[in-house]
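[1] give me a 3D structure for the following:
(chains A, B, C and D)
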Protein chains: 4
Amino acid sequence: MGQIMNVEALNAFLSAEFPQVAGRYVVETVEPDLLVMRLQVSHAHLRPGGTVSGPTMFELADLAIYCAILARIGPVALAVTTNATIDFMRKPAAGGDLTAHCRILKLGRVLAVADVLLYSEGQDEPVARCSMTYSIPPKS
Amino acid sequence: MGQIMNVEALNAFLSAEFPQVAGRYVVETVEPDLLVMRLQVSHAHLRPGGTVSGPTMFELADLAIYCAILARIGPVALAVTTNATIDFMRKPAAGGDLTAHCRILKLGRVLAVADVLLYSEGQDEPVARCSMTYSIPPKS
Amino acid sequence: MGQIMNVEALNAFLSAEFPQVAGRYVVETVEPDLLVMRLQVSHAHLRPGGTVSGPTMFELADLAIYCAILARIGPVALAVTTNATIDFMRKPAAGGDLTAHCRILKLGRVLAVADVLLYSEGQDEPVARCSMTYSIPPKS
Amino acid sequence: MGQIMNVEALNAFLSAEFPQVAGRYVVETVEPDLLVMRLQVSHAHLRPGGTVSGPTMFELADLAIYCAILARIGPVALAVTTNATIDFMRKPAAGGDLTAHCRILKLGRVLAVADVLLYSEGQDEPVARCSMTYSIPPKS
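    Below you'll find the model as predicted:
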């Protein structure tokens, strides 16, 4: 399936719809089988022990999948996450950016499934793995 | 198993260890089979369409489970989430507080498993369901 | 919501639609907030170490949730599982029956969410926890 | 990390430890980043509507991950699944074999995490996605 939104269109959409997080989450790559999103990590995301917080990693995975879906179907703001599973596997480097590498596994009429690997700058192995289901609203 | 930390001790721990979120997340009840935590919802948690964001619900579930474990084993700051699954089932009421109702299903030597139902003020049915596994560090 | 199928109707449906497993899985209780299904454990379900196999526990949870949904909406054979998460928490007693205690958390127009605790005969604590999402086919 | 068991050793292990399923599940490929296991589908695996049953897909994913771990750490029969999440995305072709493509994402001292895509013969898109956590027993 082709792409309807490119990197610039997705980042513009994020800025407009999610002003609270805009600037922190940036789409870097959109290809048919891969979307890469970067989170610029700041002190606000850190948990005891110096790691990035779980909710922040969840948010990065969620936004990456959301953008990967929008790249295919266009700016449908009301697509919603119905299920998410995340495995936290390694401690991210304190202070390093995180990147999410997302692929869509299914894009159906009402449900989409995607998974994500999260990487911490300077580490070869992924720090987390996540899969989510999105519900896609019917076209009106 | 008995409880080592009560409501006051847990809230004091949250304030000390998570100053960034302190005050927003409050432990209201700690019983052998139930911990209740409240999130005072503010504009910062809202997503397009007026719902509380998924990452915020994730954070509430995560902190509720964390506190339920600490209530049993004491203030071990380095217990970490290794796996989380969340089902978003209904749209929370915009502006209403959320409460997490948590029960521990297993508290082993190295792993703990718990689940949570999230409720939105004024709605009878849960808005989300979550289960998590925590890894508990060995006693040194 | 009321119940459309009772214990007898559900067991008759299982026998007709799942002849390969009929007799092993038996619905014991159907109440508004609880369905109980029993698996009579035999040698065929055992794994190395004497425990019941994971796939068998998965099947028990899956059938229990399926029956809990059918109890509410009637014998819709084509409802299908779209997502399942299971936590294996304790080793079941070798040779003991397993029971699944299921509650439906959401029964929407297109998706249903339920969770299950699995118990092994003679043990107080649950051996596994499972949640699933079912897709419900549109009425024709 | 190197491999300790190859295709022949893994299939011999399956035959010895899982005589009930031996012959149906066959390891076809073992590489550093990929294990492929095939399920020869028979009538016993079918559900209403002609699809392979969910528990059968679960078993295939579970055994593939188990073998991928054993390939790295050797024949440790007591490694056990602690958590599994599976997304059923498409209907497999009735009667066609299934293959599981597994990669290990983390192989720690006590926990391993892996994910799997399941394919149905003759279909390009995966029919299911699964991730699991295994607990690895301490060396005695």
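[2] how about the strands in chain A?
    Along chain A, counting by DSSP state E, strands occupy A:25-31, A:34-39, A:80-88, A:98-107, A:111-120, A:128-135.
[3] who's in contact with A:Ala93?
    Applying CB atoms under 8 Å, 6 or more residues apart in numbering or on different chains, we find A:Ala93 in contact with A:Ser120, A:Glu121, A:Gly122, A:Gln123. For every residue, glycine as well, the C-beta is placed using N, CA and C.
[4] quick one: it from B:Glu59, how far?
    A:Ala93 is 22 Å from B:Glu59, where distance means CB to CB, to the nearest Å.
[5] do the same with A:Phe18
    17 Å.
[6] between the two, tell me which one has more neighbours.
    A direct count of neighbours by other CB atoms under 10 Å in any protein chain shown for A:Phe18 and B:Glu59 places B:Glu59 higher, at 24 against 19.
[7] touching, the more buried one and A:Pro55? I think so.
    Yes: using CB atoms under 8 Å, B:Glu59 makes contact with A:Pro55 at a distance of 3.9 Å.
[8] and the residue of chain A nearest chain C?
    Chain C sits closest to A:Asn83 of chain A, with a gap of 5.0 Å, by CB to the nearest CB.
[9] follow-up on the earlier one: adding distance to C:Leu10, pLDDT and neighbour count, write the contacts of A:Ala93 out as CSV.
    Output for the contacts of A:Ala93, formatted as CSV (distance: CB to CB, whole Å; pLDDT from 0 to 100; neighbours: other CB atoms under 10 Å in any protein chain shown):
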residue, distance to C:Leu10, pLDDT, neighbour count
A:Ser120, 49, 96, 24
A:Glu121, 54, 93, 13
A:Gly122, 56, 90, 9
A:Gln123, 51, 94, 13
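[10] CSV for those, including distance to B:Lys106?
    Converted to CSV, these look like this (distance: CB to CB, whole Å):
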residue, distance to B:Lys106
A:Ser120, 29
A:Glu121, 35
A:Gly122, 35
A:Gln123, 30
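[11] wait, which of those is closest to chain D?
    Chain D has its nearest neighbour among those in A:Gln123, at 12.1 Å by CB to the nearest CB.
[12] low-confidence ranges in chain A?
    Low-confidence segments of chain A (pLDDT under 70): A:1, A:43-51, A:77, A:139-140.
[13] mind checking the longest helix of it?
    In chain A, assigned by DSSP state H, the helix with the most residues is helix A:54-73.
[14] hmm, that helix in reach of chain B?
    Yes: Helix A:54-73 lies within reach of chain B by CB under 8 Å from any CB of the partner chain, at A:Gly54, A:Pro55, A:Thr56, A:Phe58, A:Glu59, A:Asp62.
[15] now do the residue most central in space within chain A against D:Thr85, distance only.
    Centrality entry for chain A: nearest residue to the mean C-alpha point is A:Ala64, 1.8 Å, by CA atoms, centre = their mean. For A:Ala64, the distance to D:Thr85 equals 18 Å [CB to CB].
[16] repeat that for A:Val80.
    Relative to D:Thr85, A:Val80 is positioned 19 Å away (CB to CB).
[17] gap between the closest residue in space to A:Arg24 that isn't next to it in sequence and A:Asp97?
    Nearest residue to A:Arg24, sequence neighbours excluded (CB to CB, 6 or more residues apart in numbering or on different chains): A:Gln40, at 5.6 Å. According to CB to CB, A:Gln40 and A:Asp97 sit 6 Å apart.
[18] out of these two, which sits in the busier spot?
    Higher neighbour count among A:Gln40 and A:Asp97: A:Asp97, with 17 against 12, using other CB under 10 Å.
[19] surely A:Ala84 touches B:Asn83?
    No: A:Ala84 lies out of contact with B:Asn83 (CB under 8 Å); the separation is 11.4 Å.
[20] which residues do the two both contact?
    Counting by CB under 8 Å, 6+ apart, A:Ala84 and B:Asn83 have no common neighbour.
[21] ok so, going back, can you tell me which of the contacts of A:Ala93 lies nearest to B:Met89?
    A:Ser120 (31.8 Å; CB to CB).
[22] what sits against the closest one?
    Contacts of A:Ser120 by CB under 8 Å, 6+ apart are A:Val52, A:Arg90, A:Pro92, A:Ala93, A:Gly96, A:Asp97, A:Leu98, A:Val127.
[23] quickly list what it is bridged to.
    A:Leu98 (DSSP bridges).
[24] go on, the one 10 residues further on?
    Assessed by DSSP bridges, A:Cys130 has beta-bridge partners A:Ile86, A:Val116.
[25] wait, it touches A:Phe58, no?
    Yes: counting by CB under 8 Å, A:Phe58 is a contact partner of A:Cys130 at 7.4 Å.
[26] okay, and the common contacts of those two?
    Residues touching both A:Cys130 and A:Phe58 comprise A:Ala84, A:Ile86, with contact defined as CB under 8 Å, 6+ apart.
[27] rewinding a little: and the residue nearest to A:Arg24, how far from chain B?
    16 Å (CB to the nearest CB, to the nearest Å).
[28] I'd assumed A:Thr99 was in contact with that residue.
    No: at 10.5 Å, A:Gln40 does not count as touching A:Thr99 under the criterion of CB under 8 Å.
[29] tell me which parts of chain A are close to chain C?
    Residues of chain A lying near chain C (CB under 8 Å from any CB): A:Thr82, A:Asn83, A:Thr85, A:Val110, A:Leu111, A:Thr133, A:Ser135.
[30] among those residues, name the buried ones.
    A:Thr82, A:Asn83, A:Thr85, A:Leu111, A:Thr133, A:Ser135 (16 or more other CB atoms under 10 Å in any protein chain shown).
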